[in-house]
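In: what's the 3D shape of this:
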Amino acid sequence: MMRSTDRFLTTHTGSLPRPDDLIRMMFAREEGVPVEPTALASRIREAVRDIVARQRAAGVDLVNDGELSKPSYATYVKDRLSGFGGTSQSLEYQDLVEFPALAKKVFGDPGRSRRKTPACTGPIAVRDPAAAQTDVDNLLDAIKAHPGTDARLAGASGSFMSAASPGVVSLFFRNDHYPSHEAYLYAIADAMRHEYEAIAAAGITLQIDCPDLAMGRHIQYANLNLAQFRAQAQLHVEALNHALSGIDPERLRLHLCWGNYEGPHHHDVPFADIADIVFSARPAAISFEAANPRHAHEWALFETIRLPEGKVLIPGVLESKSNFIEHPELIAQRIGRYARLVGRENVIAGSDCGYGTWVGQAAVDPQVVFAKLAAMAEGARIASRSFW
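Out: Numbering: from 1, shown residues only. Next up, the predicted model:
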């Protein structure tokens, strides 16, 4: 994990706005319309080059491929693993039950009807072993074309790539095959290990997306009490650690998320109730929501708990559902709060969540996204002057 040595570094959560023509191609593929594979692969490769260039221009230090090859951060696994089929399931968000009009608005976006979340109907195995390597090659190609100016961040060392956790796959894809949830989780973990290790082997930091550890509380496990949910979350972390056992924790980061949708979020589990479980996960760095109105106060948690040795925080200093461009001074203040509590070298500035979580769904205007990232870079420079 790239740690701060003379300034605060910047990154983001993963998904970034896709070009309109790529969105149309991916919608067509999701709907079963034939898309010429070579043309799609070429367009993705070109788009990844462009998205890395735009991150560089905005001042982002730790860049990625924008998740441009994926229909979403989690459901892409149906195209890479065998064992999934049948019908999709409907998920109920506990915080939206009391607000049916808002729920209709949130779940009525044009891209939602195209989301494919089939069930697990057979043994899970790697179906497309080349897909992860293609993503890796595209990102390395883009970095070579746009290397950046900081020698410490040259090549793969200044990059990251996201992959779905076993737990979030289990959240979106109903288990109709394995005898228990635990067996299902470990089957997913064993299959996803291929992708995890392909990314890490390239020298790219692997980010594991784990909304199951937070959002799962008010969706998958809304009927459990807190102790029961914590037991399930711990099981999810154990399966994840199993899948990551061959990867150096310093090459890993985990993204904790309560759901990247514009809802009330008043049933979100407090970070304090799950922090020990999150920190028991293998990744050295923890990315989490810290800017939106439901979680911006939780920096104070680190007044009472100690950051475990070897861990790094990537708090969100940008909201991911608002078109407000955060003032750089506010961003600097947010960075400073964490730096004073856990040490300047243990803080990297990030975003709450992604800006293109599902293909075709984007709450923030694409041009605003990059203006927000530029504001984050300026805020990090301001904060750095106070701490170095």
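
In: Make sure residue 191 is indeed in a helix.
Out: Yes. Under DSSP: H, G, I helix; E, B strand; the rest coil, residue 191 sits within a helix.

In: so what's it closest to, chain neighbours aside?
Out: Leaving aside its chain neighbours, residue 191 sits nearest to residue 124 (4.8 Å; criterion: Cβ to Cβ, 6 or more residues apart in numbering). Every residue, glycine included, has its C-beta placed from N, CA and C.

In: From residue 78, how far out is the one you found?
Out: 11 Å (Cβ to Cβ, to the nearest Å).

In: Just want to know which of these two has more residues nearby.
Out: Set residue 124 next to residue 78 and count neighbours by other Cβ atoms under 10 Å: residue 124 wins out with 23 against 20.

In: Show me the strands in the stretch 201-350 of the chain, by range?
Out: Using DSSP state E, counting those that start in this stretch, the strands of the stretch 201-350 of the chain run over residues 205-209, 252-256, 285-288, 312-318, 350-351.

In: quick one: which of those is nearest residue 217?
Out: Of all those, strand 252-256 sits nearest to residue 217, with 11.5 Å by Cβ to Cβ.

In: Give me the nearest residue to residue 47, chain neighbours excluded.
Out: If the residues on either side of it in the chain are set aside, residue 47 comes closest to residue 68, at 5.0 Å by Cβ to Cβ, 6+ apart.

In: what comes into contact with stretch 138-153?
Out: Contacts to stretch 138-153, defined as Cβ atoms under 8 Å, 6 or more residues apart in numbering, come from residues 2, 5, 44-45, 48-49, 51-53, 56, 61-65, 69, 154-156, 158-159, 161, 202, 204.

In: Quick one: mean pLDDT for it?
Out: For stretch 138-153, mean pLDDT rounds to 92.

In: Put the alpha carbons of that stretch into CSV.
Out: Only the C-alpha atoms of stretch 138-153 are listed here, as CSV (Å, rounded to 0.1, in the frame of the first residue of the first chain):
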residue,chain,number,x,y,z
ASN,A,138,-6.0,-2.6,-20.3
LEU,A,139,-5.1,-0.7,-17.1
LEU,A,140,-1.3,-1.3,-17.5
ASP,A,141,-1.6,-0.1,-21.1
ALA,A,142,-3.3,3.1,-20.0
ILE,A,143,-0.8,3.8,-17.3
LYS,A,144,2.0,3.3,-19.8
ALA,A,145,0.3,5.9,-22.1
HIS,A,146,-0.3,8.3,-19.1
PRO,A,147,2.4,7.6,-16.5
GLY,A,148,1.9,10.6,-14.3
THR,A,149,4.6,12.8,-12.8
ASP,A,150,5.4,11.3,-9.4
ALA,A,151,8.2,8.7,-9.8
ARG,A,152,7.0,6.9,-6.6
LEU,A,153,3.7,6.1,-8.3
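
In: quick one: that stretch to chain centroid distance?
Out: Taking Cα atoms, centre = their mean, to the nearest Å, one finds the center of stretch 138-153 at 21 Å from the center of the full chain.
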